[in-house]
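Undergrad: could you look at this predicted model? Sequence included:
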Amino acid sequence: MPASKLIDNQVRVETPEGIDFVQAAAGPVPRILAYMVDLGWRCLVYMVIGILSAFVGGLGSGAFLILTFLLEWFYPVFFEVLRKGQTPGKKALGLRVVNADFTPIGWGASIVRNLLRAADFFPAFYATGLISMMLTGRFQRLGDLAAGSLVIYQEAERPLTVDPQIKPLMPSVPLTREERQGIVDLTLRSGSISESRQEELANLLTPVTGESGTAGLNRLKGIGVWLLGGKR
Amino acid sequence: MNLNELQLKTRVRSSWQALDIGVLMARRWYRPLLLAWMLPALLLYGLLNLVLYDSPAWAMLGLWWCKPLLDRLPLLMLSRYIFNERPTGLFNWRSLLRLYRFDMLAALLWRRADMRRSFNLAVTVLEQQKGAARAKRCAALNPGCGRAASWLTLVMVHLELLVPISIVLALVAFAGSYIDIDPDLFLSVDAGVYAHLSNLGMLLGMSLVAPFYLGCGFSLYLNRRIELEAWDLELLFRESHRRRSDVDTGIEAGVEAGVEAKSAEQAEAKNSAKPAASDSANVLGLALAAWVGLGLLSPLAATPAEASVYSTEAAGAEQAREEIRQILETPPFVIEKQVEEWEWKDKPTEVPEPESLEGWEWLADLARWMDQMNLGWLFQLVEVLLWAALGLLLFLLTRALVKHLKAYNGPEYKPPQPVAGPRVIMGMEISADSLPEDMDAAITRAFEQGDMRLAVSLIYRHILHLLVDARRVPLESWYTELECAAAVRSRAELNVDSRFDELTRLWLRLAYAHQAPDRQQAERLYRELREVLAV
């Protein structure tokens, strides 16, 4: 089979200065769940307003209709523009709406994006939007395509906790950036990888550590701690 | 399993992101996966119909129940595709039978309701585990992504239902109001051909969604294995190992070649030095000869190491790269300094002193003086003034705007001016100036003197004056008495009733027939009319 591009969910934006910004585009399943969370909240509000307006009579039902209209169309707009691109549902799933160049979304784009929900909804339950998401590489529904917006993951920062027992060790040979990242990764993830597997991986880096087996692994972890800033 | 061939950017992702990768995977190999699900499903549905043709609902239930088996082949194919292999050798009866028979009962009976099916399926199909071993393996893999696997199943079940529903709704929407569609058609379970049609719709929904469901589950499984077995690190370290061992052998070869070349040069230098010692006068020529000789000989000297000439060059490049890397690791590219006290991450840079303050001391003095004077109130005052100015500006702007808008309303609107009533009617002056100040006295005097004509004309004129100037009855100077009376009659809101008619008759009789009026009647009419017409 011919080699082809590797499958990846990351979106890259390059600034004029040649700096790459990388974000992961969010796909259908988490977005459906986020929508359901939002729908739940809206239904709750409708129920409360409905019960309250029942006491007021004709005026109440008029107010109920106006409020449901506003809530249905502008609930996402409000949250996306004023709450950093996150409706409550998106926040729960760790998602964010941004422009395609990762800048915060503004009123115009957000309104376009949300008014076109009507198109995405056709003929039932966002079927068109789902097909559009499956077809575009960056999981954009029609509204996203029209507004030039993107739903991305709000990456949580990884906690940098390492075993304090490990003694930091200066690497004896110069390392490339990828190697340094890999060694740091191994040090941080050593809790979830089996010991024997770690040794197997460390053996690959014998040219760096100069030793193999457990000793090599320990040296590698020492280098990892050193790279993370641990100094004696 | 060759990791180098993995068609996936290896990275440890969150479980939600792994689901997205699953969608991308399903998209890349959608057609074969779809067919691998749909064809066996159609076959199975056909077989079920041989027995259960009269109860389509049961046939559908049977198909639905066998979904864990139908999922196996596409998953196996996907596991080949992801390592860039062709799934040949899967499509013969024996291996297919083995695939479907493996752990079949458990999959169809007590594990049918497994919410994490797509995720755990990989353990059954790809790792060929069953029983306790399988349970243990699933328990090891599940932490961290079991939740996402359950949500995945929930979402995909609904998407499967969405497909037939949206097909029907789209058809209805496009058909418009020309065709009356009986909504019961799609809901009835046992309606012969229609039930089979709706079953096929369901089957279509299942097969369209299945590649995504399997892809997402498999991607979750892959992600978990990448996390637990550090596939990404393996690929990285393997690459680094390959590069480093290349560099090592390259350097060794280079060093050897260098050493050999050096020894050859030295030997040559010794040879050429011998004659040079005998004659010191020809030093220059000898040196030249030695240089030429060296130049001629060095390729010969290099012959023993000819094999490593090219590797020397390659090693040179590698060495240079190594040196560059070493330089990049030392100052000034890497600056290491020891800081022993806390400091702000983005320390405010110190404000550079202005080069010269000459001529500007007064400003500094003023600033210092203002600091001392505690001028908070002044600033507040200024603030208030600024706000007031802003308010005034807004007001002026509004006014200008209003004016501007008015200017465009075409010619200015003028309220209709009250038409000045006639001063003279039927040759009689009726303006206020022409009437005496004290009407009652004048009328009484005229009656006393027996001048009926004067008295009644005064009354008539005053009433006309009131009608024209106070009540704006549109009388014209050319009206006759009867026309005046008609005009007054048409203004019912004046409440004069028939009194003006009476007065008119009285006046006509007096004026043209010289019949003396009844004084009381005239005075009564005058009084009443004046009362009614007074503004």
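TA: That came through fine. This one's a predicted model, so the numbers in the text were calculated from it and none came from an experiment. Numbering: from 1, shown residues only, chains lettered A, B, ... in the order given.

Undergrad: need the contact partners of the host helix or strand of B:Met77.
TA: Using DSSP states H and E, the element containing B:Met77 is helix B:72-81. For helix B:72-81, contacts defined as Cβ atoms under 8 Å, 6 or more residues apart in numbering or on different chains pick out B:7, B:25-26, B:28-29, B:32-33, B:36-37, B:40, B:86-87, B:90, B:96, B:99-100, B:121-122, B:124-126, B:210-211, B:214-215, B:217-218. Yep, even glycine has a C-beta here, placed from its N, CA and C like the rest.

Undergrad: report the buried residues of stretch B:47-58.
TA: B:48-49, B:52, B:56 (16 or more other Cβ atoms under 10 Å in any protein chain shown).

Undergrad: an error on my part: the question was meant for stretch B:484-502.
TA: So for stretch B:484-502, counting by 16+ other Cβ under 10 Å, buried means B:484-485, B:487-488, B:494, B:496, B:499-500, B:502.

Undergrad: endpoints of it, how far apart?
TA: Terminal residues of stretch B:484-502 lie 13 Å apart, using Cα to Cα, to the nearest Å.

Undergrad: cool, and stretch B:488-504?
TA: 11 Å.

Undergrad: same question for stretch B:462-478.
TA: 18 Å.

Undergrad: if we go by neighbour counts, what in it is buried?
TA: B:462-469, B:471, B:473, B:475.

Undergrad: go on, stretch B:324-331?
TA: So stretch B:324-331, judged by 16+ other Cβ under 10 Å, has zero buried residues.

Undergrad: ok, and which of the buried residues of stretch B:462-478 reach chain A?
TA: Near chain A, judged by Cβ under 8 Å from any Cβ of the partner chain, there are no entries from the buried residues of stretch B:462-478.

Undergrad: so of those residues, which ones are in helices?
TA: Counting by DSSP state H, the part of these found in helices is B:462-465.

Undergrad: what pLDDT, on average, does the strand or helix carrying B:Val382 get?
TA: Using DSSP H and E, B:Val382 falls within helix B:376-407. Helix B:376-407 shows a mean pLDDT of 90.

Undergrad: and the following helix or strand past that helix, which strands flank it?
TA: Once helix B:376-407 ends, the next helix or strand along the chain (criterion: DSSP H and E) is strand B:424-425. Paired neighbours of strand B:424-425 in the sheet (DSSP bridges): strand B:428-429 (antiparallel).

Undergrad: how near is the residue of chain A found nearest chain B to A:Gly18?
TA: Closest to chain B within chain A is A:Gly27: 3.2 Å, counting by Cβ to the nearest Cβ. Applying Cβ to Cβ, to the nearest Å, the value for A:Gly27 to A:Gly18 is 29 Å.

Undergrad: which of these two has more neighbours?
TA: Comparing A:Gly27 with A:Gly18 by other Cβ atoms under 10 Å in any protein chain shown, the one with more neighbours is A:Gly27, at 26 against 6.

Undergrad: in helices only, show me the buried residues of stretch B:47-58.
TA: B:48-49, B:52, B:56.

Undergrad: between those, which is closest to chain A?
TA: Using Cβ to the nearest Cβ, those come closest to chain A at B:Pro56, 23.4 Å.

Undergrad: now the closest one: closest residue in space that isn't a chain neighbour?
TA: Spatial nearest neighbour of B:Pro56, excluding adjacent residues (Cβ to Cβ, 6 or more residues apart in numbering or on different chains): B:Ala195 at 4.0 Å.

Undergrad: read off the pLDDT value for the one you found.
TA: So, for B:Ala195, pLDDT stands at 80.

Undergrad: circling back: excluding its backbone neighbours, what's nearest the residue of chain A closest to chain B?
TA: Nearest one to A:Gly27, counting by Cβ to Cβ, 6+ apart, is B:Asp20 at 3.2 Å.

Undergrad: SS state for that neighbour?
TA: Recorded secondary structure, B:Asp20: helix (DSSP: H, G, I helix; E, B strand; the rest coil).

Undergrad: residues contacting it?
TA: Per Cβ under 8 Å, 6+ apart, neighbours of B:Asp20: A:9, A:24-30, A:139.

Undergrad: and the residues you listed, which of them are in helices?
TA: Per DSSP H, the subset of the contacts of B:Asp20 in helices is A:28-30.

Undergrad: mind putting the residues you listed in a markdown table, pLDDT included?
TA: Putting those into a markdown table (pLDDT from 0 to 100) gives the following:
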| residue | pLDDT |
| --- | --- |
| A:Pro28 | 92 |
| A:Val29 | 93 |
| A:Pro30 | 93 |
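
Undergrad: neighbour-wise, which of the residues you listed leads?
TA: Comparing the ones in helices among the contacts of B:Asp20 by number of neighbours (other Cβ under 10 Å), A:Pro30 comes first, having 27 neighbours.

Undergrad: just checking, next helix/strand downstream of the helix or strand bottoming out on mean pLDDT in chain B?
TA: Among the helices and strands of chain B, helix B:283-302 carries the lowest confidence by mean pLDDT, DSSP states H and E, at a mean of 45. Next helix or strand after helix B:283-302 toward the C-terminus (DSSP H and E): helix B:309-329.

Undergrad: moving C-terminal from that next one, which element do we reach first?
TA: helix B:361-373.

Undergrad: now that following helix: how far from the chain's centre is it?
TA: Centroid displacement of helix B:361-373 relative to its chain, using Cα atoms, centre = their mean, to the nearest Å, is 52 Å.

Undergrad: measure A:Ala127 to B:Gly146 for me?
TA: 29 Å.

Undergrad: so what does the residue nearest the centre of chain A look like in phi/psi?
TA: Centroid-nearest residue in chain A: A:Tyr153, 1.2 Å away (criterion: Cα atoms, centre = their mean). Torsion angles at A:Tyr153 (phi, psi; degrees, to the nearest 10) stand at phi -90, psi 140.

Undergrad: so who does residue 210 touch?
TA: By default, I'm working from chain A. Listed by Cβ under 8 Å, 6+ apart, the contact set of A:Gly210 reads A:172, A:216, A:219.

Undergrad: other chain: chain B
TA: Here B:Ala210 is in contact with B:33-34, B:37, B:70-71, B:74 (Cβ under 8 Å, 6+ apart).

Undergrad: just the buried members of these?
TA: Buried among the contacts of B:Ala210 by 16+ other Cβ under 10 Å: B:33-34, B:37, B:70-71, B:74.

Undergrad: so where is chain A shaky, pLDDT-wise?
TA: A:1-4, A:231-232 (pLDDT under 70).

Undergrad: give me every residue in the stretch 51-200 of chain B lying close to chain A.
TA: So the stretch 51-200 of chain B meets chain A at B:84-86, B:151-152, B:155, B:159, B:162-163, B:165-166, B:169-170, B:172-173 (Cβ under 8 Å from any Cβ).

Undergrad: scan the residues you listed and report the most crowded one.
TA: That'd be B:Leu152 among these, by other Cβ under 10 Å, with 29 neighbours.

Undergrad: checking that residue next. Helix, strand or coil?
TA: Applying three-state DSSP: B:Leu152 is helix.

Undergrad: quick one: it and B:Tyr213 touch, right?
TA: Yes. With contacts counted by Cβ atoms under 8 Å, B:Leu152 reaches B:Tyr213, the gap being 7.1 Å.
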